[in-house]
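Novice: Provide a 3D model corresponding to the input given below.
(one chain, ligands or ions: 1)
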Amino acid sequence: MTRSVTKPTLQHFPGDKLLDAVQERVGTDAVPLAKPPAGSGLKPVMGERGLPLVGKSLKMIREGEQTAYVMRDKYGDVFWTNAFGTKMVFAVGPEAVQAILQNKGKVYSQDGWVYFIGPFFTRGLMLLDGEEHHLHRRIMQEAFTRPRLEAYQTQVQDIIDRTVPDWPTDQPMPMYPAVKQLSLDVATEVFMGAEPSDETHALTGAFIDTVRAGTGFVRTEVPVLKTRWNKGLAGRRKLDAYFRRLIPAKRASEDTDLFAALCHVETEDGLKFSDDDVVNHMIFLMMAAHDTSTITATAMAYYFAKHPEWQDKARAESLALGTDRPSIDELDSLVTLDMVFKESMRLVAPVPAFVRRTTEDTDLLGQYVPKGTIINVVPGALHLLGDHWVSSEEFDPTRLADPRNEHKAHRFGYAPFGGGAHKCIGMAFGTNEVKALLHKMLTTYTFEVPVDYEIEWDHTSLVCPTDDFPVTLRRLA
Ligand code: HEM
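Specialist: Model prediction:
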């Protein structure tokens with residue numbers, strides 16, 4: 001395997017094998033999460049404690065969804081462990097995922113997300129519950145109508161057109177930071193409607209700090225120290241001040257960026273966002289959009305580089321379109337690109353967990369989950385487990401098309417964009433952005449990696465490649 005790790009990572013460090021051996025032995029006895037109430041007929045959720053103090057946090061950071069994968073073998077689709085300072089129930093099977101995401105009894109609250117990212121993404125759409133969430137979502141939906149999506153896509157395409165052709169060729173290029181920079185440009189120009197400047201660069205730094213803060217080990221403000229948490233709070237304050245200052249001008253403008261859209265949108269019955277809402281939603285939207293698209297585009301480029309036959313097939317379709325600036329409909333017509341997009345998100349789920357908290361003592365598939373428990377839906381495990389996936393660890397985009405359609409075997413068996421009331425509101429935006437980027441790459445370059453190269457993902461926060469994914473681009477004749 002060819003790889004050189006380019007950033008500090010918990011994936012490899014002196015003594016890591018010893019830690020793994022300890023984690024295999026300590027805190028692995030099967031114990032119930034809680035005793036079900038007498039006469040309830042419910043069974044306890046079974047699981048294990050993990051290491052003292054840290055539980056399975058390190059294991060989950062080092063192995064990603066593999067931890068859930070292994071525990072599911074032992075305990076079934078619903079199990080528990082300690083991690084990140086709390087007890088957590090994990091749901092990895094389609095039935096359990098359906099129960100949680102559909103949330104028919106209204107017992108699975110977004111307060112689970114608040115535990116992780118609340119201080120930095122206060123009152124972002126994903127952190128709201130019930131009727132309030134429904135109201136805000138209805139207003140925000142107006143910022144994602146087809147005409148608005150088309151206007152955003154034109155601006156996204158401009159950024160792609162001026163960036164991708166300048167990427168270095170004929171030598172390994174770190175792809176992940178290049179795509180990340182591109183999606184930060186999208187955040188600046190298409191979301192904020194700003195020209196890149198010293199101020200927007202400082203904001204980009206503040207924004208990255210808010211994203212990284214959620215998985216900090218110190219989970220409270222400690223004066224003076226430069227912890228992830230403190231940096232995240234400082235970043236939040238900077239972003240808040242920036243957006244608040246510009247709201248009056250945006251409200252008065254006819255701009256077509258997302259910030260302007262949030263200032264202007266109004267439902268048929270006259271509901272609008274307050275200034276506080278605009279600030280909160282902007283900061284959350286920037287976070288929700290940027291790493292997810294970066295990860296998906298990087299994963300797609302990786303699978304294309306590993307599987308040149310799929311690359312050739314997708315390129316032939318892209319070239320046959322005969323345009324450098326495809327419309328959304330034209331992007332939708334690229335069948336192979338779509339299959340690879342879906343298969344890449346199956347194997348590398350950009351959002352590794354969907355977090356909830358129970359508001360009542362709850363019956364989850366006949367198992368007892370006490371009120372206040374954090375719940376994690378793990379799409380990375382959902383996408384690998386279950387009878388409906390054939391050779392699930394293999395990259396095989398044909399599984400996602402007629403006649404196989406393995407992703408449709410269960411309504412909640414494939415959920416990279418989530419499901420239920422909180423299903424990704426930016427799904428079309430993100431899909432268009434990623435597909436337009438890959439279309440441009442396919443029609444400009446071939447991409448390759450050494451035959452024995454395998455990407456390694458770091459799971460400390462949202463996933464990213466430990467070596468930035470070095471890929472060699474060769475300009476098409
Ligand atoms: C490939 C790209 C993307 C993926 C895989 C993705 C995935 C997800 C997932 C899984 C959720 C639900 C999480 C949960 O239920 O706990 C979600 C929610 C959300 N996403 Fe995305 N997302 C992507 C791109 C975007 C973009 C581009 C935007 C904005 C332009 C966006 C905005 C949001 C918002 C606002 C929510 C919260 C929705 C709600 O609570 O009603 N996402 N996303």
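
Novice: can you list the residues of the protein near the ligand?
Specialist: For the chain, the residues found near the ligand under the criterion Cβ under 6 Å from any ligand atom are 125-126, 137, 285, 288-289, 292-293, 296, 350-351, 354, 416-418, 422, 424-426, 429-430, 434. (Each C-beta comes from the backbone N, C-alpha and C, glycine too.)

Novice: residues making contact with stretch 195-204?
Specialist: Residues outside stretch 195-204 that contact it (Cβ atoms under 8 Å, 6 or more residues apart in numbering): 184, 185, 187, 188, 189, 192, 194, 238, 239, 242.

Novice: which of those residues fall in helices?
Specialist: With helices identified by DSSP state H, the entries of the contacts of stretch 195-204 that belong to them are 184, 185, 238, 239, 242.

Novice: okay, now the fourth one: neighbour count?
Specialist: The tally of other residues near residue 239 (other Cβ atoms under 10 Å) stands at 22.

Novice: next up, the contacts around it.
Specialist: Contacts were defined as Cβ under 8 Å, 6+ apart; by that measure residue 239 touches 203, 206, 207, 210, 279, 282, 283.

Novice: 10 Å instead?
Specialist: Listed by Cβ atoms under 10 Å, 6 or more residues apart in numbering, the contact partners of residue 239 are 120, 192, 203, 206, 207, 209, 210, 279, 282, 283, 286, 287.

Novice: take these and lay them out in a markdown table including neighbour count, secondary structure and distance to residue 147.
Specialist: A markdown table is the format used below for the contacts of residue 239 (neighbours: other Cβ atoms under 10 Å; DSSP: H, G, I helix; E, B strand; the rest coil; distance: Cβ to Cβ, whole Å):
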| residue | neighbour count | secondary structure | distance to residue 147 |
| --- | --- | --- | --- |
| 120 | 24 | coil | 32 |
| 192 | 24 | coil | 20 |
| 203 | 23 | helix | 28 |
| 206 | 21 | helix | 31 |
| 207 | 24 | helix | 27 |
| 209 | 21 | helix | 34 |
| 210 | 26 | helix | 31 |
| 279 | 23 | helix | 25 |
| 282 | 26 | helix | 20 |
| 283 | 24 | helix | 25 |
| 286 | 27 | helix | 22 |
| 287 | 23 | helix | 25 |
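
Novice: dump the residues you listed to CSV, plus distance to residue 394.
Specialist: Supplementary listing: the contacts of residue 239 in CSV, determined by distance: Cβ to Cβ, whole Å:
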residue, distance to residue 394
120, 37
192, 41
203, 42
206, 41
207, 36
209, 38
210, 37
279, 45
282, 40
283, 39
286, 35
287, 32
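
Novice: could I get these as CSV with pLDDT?
Specialist: Shown next, in CSV, are those (pLDDT from 0 to 100):
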residue, pLDDT
120, 91
192, 93
203, 88
206, 90
207, 87
209, 89
210, 90
279, 97
282, 96
283, 95
286, 91
287, 89
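
Novice: what is the nearest of those to residue 233?
Specialist: residue 120 (7.1 Å; Cβ to Cβ).

Novice: wait, the closest one touches residue 221, no?
Specialist: No - Residue 120 is beyond contact range of residue 221, at 11.7 Å (criterion: Cβ atoms under 10 Å).

Novice: what touches both of those two?
Specialist: 229, 232, 233.

Novice: got the residues you listed as TSV, with neighbour count columns?
Specialist: Compiled in TSV, the shared contacts of residue 120 and residue 221 are given as follows (neighbours: other Cβ atoms under 10 Å):
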residue	neighbour count
229	22
232	24
233	17
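
Novice: what is the nearest of those to residue 441?
Specialist: Relative to residue 441, and with distances defined as Cβ to Cβ, the nearest of these is residue 232, at 32.5 Å.

Novice: what sits against the residue of the chain found nearest the ligand?
Specialist: Here the residue of the chain nearest the ligand is residue 426; by Cβ to the nearest ligand atom that distance is 2.0 Å. With contacts taken as Cβ under 10 Å, 6+ apart, residue 426 has the following neighbours: 125, 140, 143-144, 149, 258, 285, 288-289, 292-293, 417, 432-433.

Novice: try it again at 8 Å.
Specialist: Residue 426 sits next to 144, 285, 288, 289 when contact means Cβ under 8 Å, 6+ apart.

Novice: touching, residue 136 and residue 128? I think so.
Specialist: Yes - using Cβ atoms under 8 Å, residue 136 makes contact with residue 128 at a distance of 5.7 Å.

Novice: circling back: show me the residues of the chain next to the ligand that map onto strands.
Specialist: Among the residues of the chain next to the ligand, the members falling in strands (DSSP state E) are residue 354.

Novice: drop anything exposed from the residues of the chain next to the ligand.
Specialist: Applying a neighbour-count criterion of 16 or more other Cβ atoms under 10 Å, the buried members of these are 125-126, 137, 285, 288-289, 292-293, 296, 350-351, 354, 416-418, 422, 424-426, 429-430, 434.

Novice: the nearest residue to residue 415 once chain neighbours are set aside - how many residues pack around it?
Specialist: Of all residues not flanking residue 415 in the chain, residue 379 sits nearest, at 5.3 Å (Cβ to Cβ, 6 or more residues apart in numbering). Each residue near residue 379 was counted by other Cβ under 10 Å, and the total is 25.
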